[in-house]
Each structure stands twice: as structure tokens, then as C-alpha cells.
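Student: Predicted model and sequence follow; I will ask about them next.
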Amino acid sequence: MTWERFGYICRKVSVDTGDQESVSACLSRVENEKSCDLYGRKIGDKSWPRKILNAIQDIQDQDKAKETIETYKNLSLTKQFEEPMRFKRVIAYLSYVTFVFYSVVGVYQVKVAPSFIGVFEDFGIPIPISLLFYQDYLVHFLIVVSLFLVSALLIGFQIKKLFNFNTGVEDTLFIKYLVSRNVRKSYLKIVNILEFPILTSDQLKNQNENPITSHLQSIKHSNMCISAEMQELIETEMQSLLEGSERQMKFITTSVVLVVVIAIFFFLASAYAPIFILGDAV
């Protein structure tokens, strides 16, 4: 909803700004209008839409400010930056698997295992090695599985954060070390495209070797529409971002399934072996 509100503000300012009102003043006025609330919640302070609007307000050259507003007004960003439903399902699935795993282990450890051990002691039957192994190494087993499951969830939530498009998220340690390189590269390219219209002359010089910035500069100096080319580039990189995110999440999901299967194997070996032994004894 943030990008819908951002789009409305840009469209409204582009037609409302007159000779007697600066772009900065018009932006402030439009954002405080009640009609702006119809396009979603207020824009967060750490979001890219807020950074863009603040940068436009700081532009002293009114012609450049109007040109920048026109550029963003012609972009269709709402659908591009929506988090895909299939990605949300993966996060929900990982959360569900984690919850079920801890629930089953908790019930087994609190109710099942103590009952079996008590029965064996009452009958004077040696406790099965599989049950003892599971009991003796349960803590170590839980630590390993827990680290794996928590890491999988953490990676999923960090990738999910990228779709919020908050400023500085790409510099966090979790994103740098938990998210794949291809995903980070696609995200940074999208950021480069988004911020191009608000870059100052000094910033453009510093990013002269950036292929995205160089390409957009050449577009801007040609007769081509900068908004149209930005839109095409965003769509291309968003597709790359989604594909990279899905590949990483599929790998994580497959790994989680293997870990859970192994955990279930040890659980069944520990749970059913005592039943067969007691059946033979009876």
C-alpha cells in the first residue's frame, strides 16, 4: 500500500504545483490531505518512498523538482513491489514445520519417554539402546535441528524484508551473509534505478562506473522516455529478484524437509522399539 500512496502523491503534485507554490510546499500539503489516506497507510520514515519524497523536497531548482515528480509519476510500482503470495506460503510452511517439530518433541519428551522408562524399570527389563540414545543425546540433537530450523526461518524473513524496500536494509549483516549474492545484486540494481532521478551531480559522478546509472544517464540525454526505461529495468530486475529468492527458498525448504525426515526417523526408532520389546515380554 505504501507505493500506491507514493504514486498518488506524485500524480497529485504534478498537476497541483503552480507558479505560486513550490514543489516542496505542494508535497507537504498533498501528504496532509485526508484524501491521501484513501491510498493506504502513511509512508514509513525508513522506506524508499519516504527517502525519494524527502529528496524531492530538498531540490531547490523548481524545474528539476517538477521533472523529477513527472518521472516518478509515470512509473507503475505498486504491482512490481508486491510480495508474491507463493513466497508468503513458503514462510508460513517453514513456521508450521518448526511449530509441529517442537510440539511433537515436547510431547514425546514430557509424556511418552518417561512412561516407557517407568514401565521398563517396573518390569525389570533393560531399557532399549535406541531409547537411551535418544534420551542421552536429545539436547545435542535439538540444538542441531533448532539451529537449522531457526536459520531457515531467519533467512526466509530476511528475504521477506527486501520486499518492504526500507532504506539501508541491504547493508545489514543478516542480508549480507544469509541472502544469496544474486538476490542482493538484483535488489541493489532496483535501488539504483529507483534513486537515479534524485541523485545530485556529485552523486552521479561518484556512480559514473555503475552500469545502471551510466545507462540511465545516456537515456536521459537522448530522446527516449526515462520513465519508460526505468519501468522496463525495474520489471526485469524484479523478475530476477523473485527468481533468485525462490531458488534460495526452495533449497532451504528442501533442506528443512530432509532434516525433519531424519528427525522423524530417530523419533520412530526411539518410540516404537520399546513397544515391540514390551509386546514380546508380555
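Tutor: Thanks, I have the structure now. Numbering: from 1, shown residues only.
Student: what residues are up against residue 48?
Tutor: With contacts taken as CB atoms under 8 Å, 6 or more residues apart in numbering, residue 48 has the following neighbours: 165, 166, 167, 191, 194, 195. Every C-beta, even on glycine, is put in place using the N, C-alpha and C of the backbone.
Student: May I ask which two of these are separated the most?
Tutor: 166 and 195 (13.6 Å; CB to CB).
Student: pull the helix or strand with minimum mean pLDDT from this structure.
Tutor: Counting by mean pLDDT, DSSP states H and E, the chain has its least confident helix or strand at helix 129-136, which shows a mean of 66.
Student: Moving C-terminal from that one, which element do we reach first?
Tutor: For helix 129-136, the succeeding helix or strand toward the C-terminus, using DSSP states H and E, is helix 138-162.
Student: which parts of the helix or strand following that following helix are buried?
Tutor: Note on helix 138-162: by DSSP H and E, the next helix or strand toward the C-terminus is helix 173-178. Neighbour counts using 16 or more other CB atoms under 10 Å place 175, 178 of helix 173-178 among the buried residues.
Student: For helix 173-178, the averaged confidence score.
Tutor: On average, the pLDDT along helix 173-178 is 85.
Student: from the chain's centre, how far out does it sit?
Tutor: In terms of CA atoms, centre = their mean, to the nearest Å, the gap separating the centre of helix 173-178 from the centre of its chain is 12 Å.
Student: what packs against that helix?
Tutor: Contacting helix 173-178 under the criterion 3 or more CB pairs under 8 Å, 6 or more residues apart in numbering; DSSP states H and E are the following elements: helix 138-162.
Student: Could you give me the buried positions within the helix it packs on?
Tutor: Residues of helix 138-162 classed as buried: 138, 141, 145, 148-149, 152-153, 155-156, 158-162 (neighbour count, 16+ other CB under 10 Å).
Student: Closest to residue 247 out of the residues you listed?
Tutor: Top of the list for closeness to residue 247, among the buried residues of helix 138-162 and by CB to CB, is residue 159 at 10.8 Å.
Student: do you know how far that closest one is from residue 153?
Tutor: Distance of residue 159 to residue 153, computed by CB to CB, to the nearest Å: 11 Å.
Student: still on that earlier bit, I'd like the buried residues of helix 138-162 laid out as JSON lines, including distance to residue 72 and pLDDT.
Tutor: As requested, the buried residues of helix 138-162 are arranged in JSON lines below (distance: CB to CB, whole Å; pLDDT from 0 to 100):
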{"residue": "138", "distance to residue 72": "57", "pLDDT": "71"}
{"residue": "141", "distance to residue 72": "53", "pLDDT": "73"}
{"residue": "145", "distance to residue 72": "47", "pLDDT": "77"}
{"residue": "148", "distance to residue 72": "43", "pLDDT": "79"}
{"residue": "149", "distance to residue 72": "41", "pLDDT": "78"}
{"residue": "152", "distance to residue 72": "37", "pLDDT": "81"}
{"residue": "153", "distance to residue 72": "35", "pLDDT": "80"}
{"residue": "155", "distance to residue 72": "32", "pLDDT": "84"}
{"residue": "156", "distance to residue 72": "31", "pLDDT": "81"}
{"residue": "158", "distance to residue 72": "28", "pLDDT": "84"}
{"residue": "159", "distance to residue 72": "26", "pLDDT": "83"}
{"residue": "160", "distance to residue 72": "25", "pLDDT": "81"}
{"residue": "161", "distance to residue 72": "23", "pLDDT": "83"}
{"residue": "162", "distance to residue 72": "21", "pLDDT": "85"}
